[in-house]
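Colleague: My questions concern the predicted model and sequence given below.
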Amino acid sequence: MNESHHNSSQLDTLRAYEARIEALESKLESVEGNLQHGPAGQRDWKDWSERYGLLLAWGFLILILGAARPEQMFAWNSYATMFGSNAMIVALTLALLIPLTTGDYDLSVASVMGLSSMVIAVLNVKLGWSIGAAIVAALIVGGLVGAINSLFVLYFGIHSLIVTLGTGYFVNGIILWVSNSNTIAGISMGLVKAVILTRFLGIPIGFYYALILAFIVWYIFQHTSLGRRLLFVGRGREVARLSGVNVNRMRSGAMISAGVIAAFAGVLYTGMRGAADPSSALAFLLPAFAAAFLGSTAIYPGRFNAPGAFVAVFFLSTGIMGLNFLGVDSFVQNLFYGGGLVVAVSISQLIRGRRPMD
């Protein structure tokens with residue numbers, strides 16, 4: 001009888017907690033809505049343009065580049081290849097989104113992606129593990145790196161930028177050590193087939209893995225109490241703490257999740273190339289950050305969100321693809337991604353009303 005009463009009391013407490021979270025979310029949305037000025041029609045148009053402006057810009061970019069290279073820019077095969085080859089960037093960007101939502105930065109995700117790829121290669125090629133077991137081990141390693149990041153950030157109180165920058169370099173050292181600074185080829189064809197060789201509608205199946213992952217992240221943030229708590233932590237840690245949210249648990253979980261998802265990006269990267277090399281993964285950190293911030297200006301403007309990031313990855317990739325078709329020098333890619341990141345952060349700040357990101 002007492003146990004039943006105790007369980008009922010715990011259930012009531014949990015329901016009251018969730019109701020309080022929902023009430024705070026509604027209040028925040030009401031405040032944000034009141035900050036908008038102008039007639040209702042003007043607000044609707046502004047809201048629509050902010051939500052879907054990136055999609056329109058993507059279409060406009062395709063038309064502009066297509067005018068110069070119509071036979072390539074208007075060919076479905078070009079986009080099918082682009083969608084498949086950028087699946088790991090989508091996963092890497094989604095890995096960034098979760099700690100960014102809670103107000104933390106993870107500069108180690110690209111290194112974790114490279115480590116995951118190398119773990120798979122060493123275990124599968126050198127030690128003869130099955131590809132399934134090697135993938136599971138890589139995901140565990142990614143989660144372990146995220147846990148180490150959270151330990152130093154939360155227990156020692158060090159800023160996440162410093163911790164993850166150091167962790168990233170440390171992980172790079174491990175990659176060079178275990179690989180002897182050499183590329184390891186000969187990954188199981190089962191993984192290659194499961195990522196790049198199998199196609200649906202002409203698009204490598206790896207794209208659909210990234211699409212499913214984006215849907216899962218979107219659903220968690222938009223339709224679960226966990227997602228609401230993560231958003232509260234990012235908007236105001238002290239307010240969230242006073243409202244009963246376990247802030248440290250949310251931040252720790254976000255960093256561990258980022259490690260696991262970054263490791264999954266490494267799985268896609270390995271399957272796409274059929275090999276693992278010790279240095280190429282680092283080149284994807286800037287594109288992932290650019291896509292994460294550019295995505296925060298679309299679909300759900302003012303917050304990091306999966307659909308916006310998904311669109312942003314392929315908007316940027318379309319630009320790079322078009323520049324390649326035009327025959328521009330490779331250094332222009334760095335200019336494009338670097339400039340895109342600065343512009344994306346600037347627009348994101350304007351949408352947030354120039355509030356500090358922290």
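Modeller: Great, that's in hand.
Colleague: C-alpha from now on. contacts and neighbour counts both.
Modeller: Fine.
Colleague: any low-confidence regions in the stretch 201-350 of the chain?
Modeller: 348-349 (pLDDT under 70).
Colleague: ok, which stretches of it are helices?
Modeller: Here the stretch 201-350 of the chain has its helices, by DSSP state H, counting those that start in this stretch, at 206-223, 225-235, 237-242, 247-273, 285-295, 306-326, 331-351.
Colleague: Please name whichever of those is nearest to P70.
Modeller: If you check each of the helices of the stretch 201-350 of the chain against P70 by C-alpha to C-alpha, helix 306-326 wins as the nearest, at 10.1 Å.
Colleague: Kindly list the main-chain dihedrals of S108?
Modeller: When quoted as degrees, to the nearest 10, the phi and psi of S108 stand at phi -100, psi 0.
Colleague: right, I mislabeled it, should have said L201
Modeller: According to degrees, to the nearest 10, L201 has phi 60, psi 30.
Colleague: Give me the neighbour count for it.
Modeller: Other residues lying near L201 total 7 when counted by other C-alpha atoms under 10 Å.
Colleague: and the closest residue in space to I261 that isn't next to it in sequence, what element?
Modeller: If the residues on either side of it in the chain are set aside, I261 comes closest to A95, at 5.2 Å by C-alpha to C-alpha, 6 or more residues apart in numbering. Per DSSP states H and E, A95 falls inside helix 87-101.
Colleague: between that helix and helix 225-235, what angle do the directions make?
Modeller: Helix 87-101 runs at 70 degrees relative to helix 225-235, counting by axes from the mean of the first three to the mean of the last three C-alpha atoms, to 10 degrees.
Colleague: relative to helix 285-295, how tilted is helix 87-101?
Modeller: 60 degrees.
Colleague: next SSE after helix 87-101?
Modeller: Downstream of helix 87-101 (by DSSP H and E), the next one is helix 109-121.
Colleague: On the pLDDT front, check the closest residue to S257 other than its chain neighbours for me.
Modeller: With sequence-adjacent residues excluded and distances taken as C-alpha to C-alpha, 6+ apart, S257 is closest to G143, at 6.7 Å. According to the prediction, G143 has pLDDT 97.
Colleague: and G143, what does it touch?
Modeller: I256, S257, A258, G259, V260, A263 (C-alpha atoms under 8 Å, 6 or more residues apart in numbering).
Colleague: go on, A309?
Modeller: A309 neighbours (C-alpha under 8 Å, 6+ apart): V90, T93, L94, A291, A292, F293, L294, G295, S296.
Colleague: go with 10 Å
Modeller: A309 sits next to 90-91, 93-94, 97, 214, 288-299, 315 when contact means C-alpha atoms under 10 Å, 6 or more residues apart in numbering.
Colleague: Quick check: the closest residue to it other than its chain neighbours vs L231, distance?
Modeller: In space, and not counting its chain neighbours, A309 is closest to G295: 4.0 Å by C-alpha to C-alpha, 6+ apart. According to C-alpha to C-alpha, to the nearest Å, G295 and L231 sit 16 Å apart.
Colleague: Who has more neighbours out of these two?
Modeller: Ranked by neighbour count (other C-alpha under 10 Å), G295 and L231 place G295 first, with 31 against 24.
Colleague: How far does the helix holding A95 sit from its chain's centre?
Modeller: 1 Å (C-alpha atoms, centre = their mean, to the nearest Å).
Colleague: same question, stretch 135-153
Modeller: Relative to its chain's centre, stretch 135-153 lies at 16 Å (C-alpha atoms, centre = their mean).
Colleague: Tell me the pLDDT of K27.
Modeller: Looking at K27, its pLDDT is 58.
Colleague: circling back: determine the angle, from 0 to 180 degrees, between the one helix or strand the residue nearest to S257 maps to and helix 109-121.
Modeller: Taking DSSP H and E as the definition, one finds G143 inside helix 131-150. Interaxial angle of helix 131-150 relative to helix 109-121 (the same axes, to 10 degrees): 150 degrees.
Colleague: okay, the angle between helix 131-150 and helix 247-273?
Modeller: Using the same axes, to 10 degrees: helix 131-150 against helix 247-273 is 140 degrees.
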